[in-house]
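kindly generate the corresponding structure for this input.
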Amino acid sequence: MTTLSVTVAGQPFDMIGYVAEQSISGLFFKSAYDAFNFENNVLTKITDADYPGWSTVTPSSITRSGSTATVTLASPVNWQSGSTVTIAGAAQTEYNGDFTITVTDSTHFDYEVTGTPTTPATGTITATGGRTTVPGVEYLDGYFFVMDANAVIYNSGLNDPTSWGALDFIMAAIEPGGGVALAKSQNYLIAFKEWSTEFFYDAGNPTGSPLSPVLSAFTLTGCAVGESVAELDETVYWVSKARQKGRAEMCIRD
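From the prediction side, this is the model:
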């Protein structure tokens, strides 16, 4: 039996099936932290650095200047300033723990330490961190789509759920607010946010995300709980919320 290697145990998964070619079927599934693809009886964990998930990496070095520790990584990661990273395995215990990081580029980030531990750090050191995705994974015109908590929608390579490009994303940014859930109705992706909802279509853009916003469909009604979004009988249901009113049950019919 194959065991999933997950970052955080007990997380729910969103799943979507697809036909890879002729009689070969696949299943793409992801939690808030990890993503996997199962195709032709082969299970693959998504390890592309540009996928917005979590990963554990081995730093090339950790050095200190004053109270600032600088981590150098051997390969780029898709992490962001303000997120939490867990450092473990340093012989100098001041370097270990959960820290809020400042990303300076794709292979370097800083965090604050206490005391005056020896620099550089020694030991078998690991760093665990990344981005979290909200409920929902969708497939449209050969691309797989997920959205992170900052309302950024990422897409895979065409017909390749294991490949994610550094520039292949678009942000739901008409109105401020974090991402809550991702869904699909007919040929439109729906980005549910805290206080608003935005729609996107496949514009066939040659670079970056293939998506473009449907500006006329924007609404100032958001989603209260990402897990409330359900697609049933060609209808999308969710528990909504707005700044002026409380919660209500909403739906979009195909």
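
before we move on, what SS does Glu227 have?
Reducing the assignment at Glu227 to three states with DSSP: H, G, I helix; E, B strand; the rest coil gives helix.

who's in contact with the closest residue in space to Pro213 that isn't next to it in sequence?
Beyond its immediate neighbours in the sequence, the residue positioned closest to Pro213 (CB to CB, 6 or more residues apart in numbering) is Phe200, lying 5.6 Å away. Where C-beta positions appear, they are placed from N, C-alpha and C, glycine not excepted. Taking CB atoms under 8 Å, 6 or more residues apart in numbering as the definition of contact, the neighbours of Phe200 are Ile153, Ile170, Ala172, Tyr188, Leu189, Ile190, Ala191, Leu211, Ser212, Pro213, Val214.

filter the residues you listed to the buried ones?
Buried by 16 or more other CB atoms under 10 Å: Ile153, Ile170, Ala172, Tyr188, Leu189, Ile190, Ala191, Leu211, Pro213, out of the contacts of Phe200.

can you give me the distance of the fifth one to Gly204?
The gap separating Leu189 from Gly204 is 14 Å, by CB to CB, to the nearest Å.

could you report the pLDDT at Ser5?
At Ser5, the model reports a pLDDT of 87.

give the contact list for it.
For Ser5, counting by CB under 8 Å, 6+ apart, the contacting residues are Asp34, Lys45.

what about it, helix or strand, and which?
With elements taken from DSSP states H and E, nothing contains Ser5; it lies in neither a helix nor a strand.

ramachandran angles for it?
Ser5 adopts backbone torsions of phi -90, psi 100, taken as degrees, to the nearest 10.

and what about the residue nearest to Pro213, helix, strand or coil?
State at Phe200, reduced to three classes by three-state DSSP: strand.

neighbours of Asp115, how many?
To be clear, residue 115 is Gly; Asp isn't right here. 10 (other CB atoms under 10 Å).

show me the longest strand that occurs in the chain.
When the chain is scanned for its longest strand (criterion: DSSP state E), the result is strand 160-171.

and which of the buried ones among the contacts of Phe200 is nearest Val134?
Nearest to Val134 among those: Ala191, at 9.3 Å, using CB to CB.

how far away is Thr47 from Trp164?
According to CB to CB, Thr47 stands 10 Å off from Trp164.

neighbour-wise, which of these two wins?
Just comparing Thr47 and Trp164: by other CB under 10 Å the higher neighbour count belongs to Trp164, 23 against 11.

what residues are up against Asn40?
In this structure, Asn40 makes contact with Ala20, Ile24, Gly26, judged by CB under 8 Å, 6+ apart.

that one and Ala242: what is the separation?
Separation of Asn40 from Ala242 (CB to CB) stands at 46 Å.

next one: Pro12
As judged by CB to CB, Pro12 and Ala242 stand 26 Å apart.

the more surrounded of these two?
In this view Pro12 and Ala242 are compared by other CB under 10 Å, and Ala242 has more residues nearby, 15 against 8.

not counting its neighbours along the chain, what's nearest the more buried one?
The shortest distance from Ala242 to any residue that is not its chain neighbour, by CB to CB, 6+ apart, is 5.2 Å, and that residue is Thr221.

how about residues contacting the longest strand of the chain?
Applying CB under 8 Å, 6+ apart, the set of residues contacting strand 160-171 is 18, 26, 28, 37, 44, 46, 48, 50-51, 78, 144, 150-157, 200, 207-209, 211-213.

give the partner strands of it in its sheet and their orientations.
Paired strands of strand 160-171, with direction, are strand 152-157 (antiparallel) (DSSP bridges).

so what touches the partner strand?
Residues outside strand 152-157 that contact it (CB under 8 Å, 6+ apart): 50-52, 143-148, 162-165, 168-172, 179, 182, 189, 191, 200, 209-211.
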